[in-house]
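A.B. asks: Give me the fold of what follows.
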Amino acid sequence: MDLASRLRSIVRESKRPGSTSAGTDPSPSTGLRELTYVPDDGVYEAPLDPERTGEILGGRSIRTRFGGCLVIDRRYEADRRHGSMPIGDCEPDGAGLALLDPTLAAPDRPRTVFIDLETTGISGGAGTVAFLVGCGYFDLGAFQVRQFLLTSYAAERALLGAVAEFFEHADLIVSYNGKTFDVPVMETRWSFHRMEMPLEGVPHFDMLHPARRLWSGRAGTDSGDGGCRLTTLERVLFDVERVGDVPGFEIPSRYFRFLRTGDPRPLEPVLEHNRLDLVSLAAVTARAVRLAQQGAGACRDAREALALGRVYERTERFDAAEACYRRASGARPLEVRGEALYRLGLRLRRARRYQDAAECWRALLELTEPMAARRSPAMGSLRHFAVEALAIHHEHRDRDLPAARELAMFALEEMQGCGSRAEGIRHRLARLERKIASPRRSAGTADSGAPLFS
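C.D. replies: Numbering: from 1, shown residues only. As a prediction, this is how the structure comes out:
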């Protein structure tokens, strides 16, 4: 029988009366069993003593309807510090999360659960197993962490059942890249064991995306992720330095070693790594919420103010965005100041404050003098935009056609070799020449008479 025929036969058997269903034990009369992993004794997994494992790791065994599950509890009191951040200040305001994600539908004071997994791989799919499910929540100002540890593949259903019971009391879950990885992995495992999906319908806030908007690039991009790994953010934002932390790539091998030898000691650094990730996730989330609530005054520097302004624009809080851009427009780094002036000018123009917008374009021209523009392609692009924007302003708002013509000629001179953009400037210049030469030109048209550029 080929593989397709065997699969069709399994499906037909599962649909017959008396066949195995989710949450029930297999019937001996049918000869079928649940699609769970059955270890080969003495080959892949060593005989384990759950009580000894719990004693070494500081955990305890809890009973579920599917068997025993090992849990490890740790509590971080409110007066304890995570770097420069007190644990008591790491609790984010539930209502404030909506300022970062307007699509989030959660209660004003939700029962929030932070989640982070350690798995046997990062490729996803049915072969990836979450052997450690870390969950954190705030209790009377303290941060409580509960970790569910898979002591053998055969105990996975018990772990999944215990995690499902834990999430019954959650109104909101917060993760870091959880929408892409953590939650799909858990749903795959629940589906594999024909169990209900406890996270279905629970609002989910993924902190990775606001973190990228607020802090991407602050610590360099050597890792290829824009400096937005949790370990990077905790160091940059809270001065956290982990000592003896286990590298992420080493975590699966430590778990496999535990399964082969039965020695749980290699898992101690993995458990601590997971706990620190949960605390950092809460701290980073609280920091982002506080920024969104307090505005430009809460920003540590101009770069953060610029990023927060972009976040405000996404959520249509335009006055707050303008305040952030104004603070960032005084930055020392030219790239930050240039982008701030550019975005402030666009914001003012959309608000029909044309004269204020023109002041931004002029400031941008002074900032992006030719030498700086040649050193940075981004600054060069901003310079070209400012010249065109000023030309449009003088032509259509001030009705100062000679000034607009001079700006167009200046733009054409700087854009030699820019292809289509230079061609557009030529069309603008030709139109201005026709307007100036037209006998119907209004007698009240402004003519400054003074050159804009020396």
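A.B. asks: Listing request: residues of the stretch 1-150 of the chain with sub-threshold pLDDT.
C.D. replies: 1-2, 4, 7-8, 11-47, 124-126 (pLDDT under 70).
A.B. asks: Run through the helices of it in chain order.
C.D. replies: In the stretch 1-150 of the chain, the helices defined using DSSP state H, counting those that start in this stretch lie at 3-15, 50-57, 97-100.
A.B. asks: Then the stretch 351-454 of the chain?
C.D. replies: Secondary structure of the stretch 351-454 of the chain by DSSP H, counting those that start in this stretch: the helices cover 354-367, 370-375, 377-396, 401-414, 420-437.
A.B. asks: List the buried residues in the helix or strand where Pro184 lies.
C.D. replies: For Pro184, the host element (DSSP states H and E) is helix 183-192. Neighbour counts over helix 183-192 (16 or more other C-beta atoms under 10 Å) mark Val183, Val185, Met186, Thr188, Arg189, Trp190, Phe192 as buried. (Each C-beta comes from the backbone N, C-alpha and C, glycine too.)
A.B. asks: how about these in TSV, adding pLDDT and distance to Ile72?
C.D. replies: What follows is the buried residues of helix 183-192, written out as TSV (pLDDT from 0 to 100; distance: C-beta to C-beta, whole Å):
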residue	pLDDT	distance to Ile72
Val183	95	22
Val185	94	20
Met186	95	18
Thr188	93	24
Arg189	94	20
Trp190	95	22
Phe192	92	24
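A.B. asks: which two in these are spaced the farthest apart?
C.D. replies: Using C-beta to C-beta, the buried residues of helix 183-192 span at most 14.8 Å, a distance reached by Val183 and Phe192.
A.B. asks: remind me, longest helix of the protein?
C.D. replies: Criterion DSSP state H: the longest helix present in the chain is helix 268-294.
A.B. asks: residues touching the nearest residue to Asp101 once chain neighbours are set aside, list them.
C.D. replies: Nearest non-adjacent residue to Asp101, counting by C-beta to C-beta, 6 or more residues apart in numbering: Phe205, 6.0 Å away. Contacts for Phe205 (C-beta atoms under 8 Å, 6 or more residues apart in numbering) come out as Leu97, Leu100, Asp101, Leu104, Ala106, Leu172, Ile173, Val174, Ser175, Thr285.
A.B. asks: Tell me who's in contact with the last one.
C.D. replies: Going back to what we said before, that points to Thr285. Contacts of Thr285 (C-beta under 8 Å, 6+ apart): Cys90, Pro92, Leu97, Phe114, Val174, Phe205, Met207.
A.B. asks: Buried subset of those as a ChimeraX selection?
C.D. replies: In ChimeraX, a selection of the buried entries from those looks like this (16+ other C-beta under 10 Å):
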select :90,92,97,114,174,205,207
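A.B. asks: And the buried residues of helix 183-192, which is closest to Leu199?
C.D. replies: When the buried residues of helix 183-192 are compared against Leu199 (criterion: C-beta to C-beta), the nearest one is Val183, at 6.0 Å.
A.B. asks: surely the closest one meets His204?
C.D. replies: Yes: Val183 is in contact with His204 according to C-beta atoms under 8 Å; the separation is 6.6 Å.
A.B. asks: Could you name every residue contacting both of those two?
C.D. replies: Ile173, Ser175.
A.B. asks: List just the nearest of the contacts of Phe205 to Phe410.
C.D. replies: For those, the nearest to Phe410 is Leu100 (41.9 Å; C-beta to C-beta).
A.B. asks: just checking, that closest one touches Val289?
C.D. replies: Yes: with contacts counted by C-beta under 8 Å, Leu100 reaches Val289, the gap being 6.8 Å.
A.B. asks: what's near enough to touch the residue nearest the centre of the chain?
C.D. replies: With distances taken as C-alpha atoms, centre = their mean, Leu208 lies nearest the centre of the chain, 1.4 Å away. Going by C-beta under 8 Å, 6+ apart, Leu208 touches Tyr176, Asn177, Cys228.
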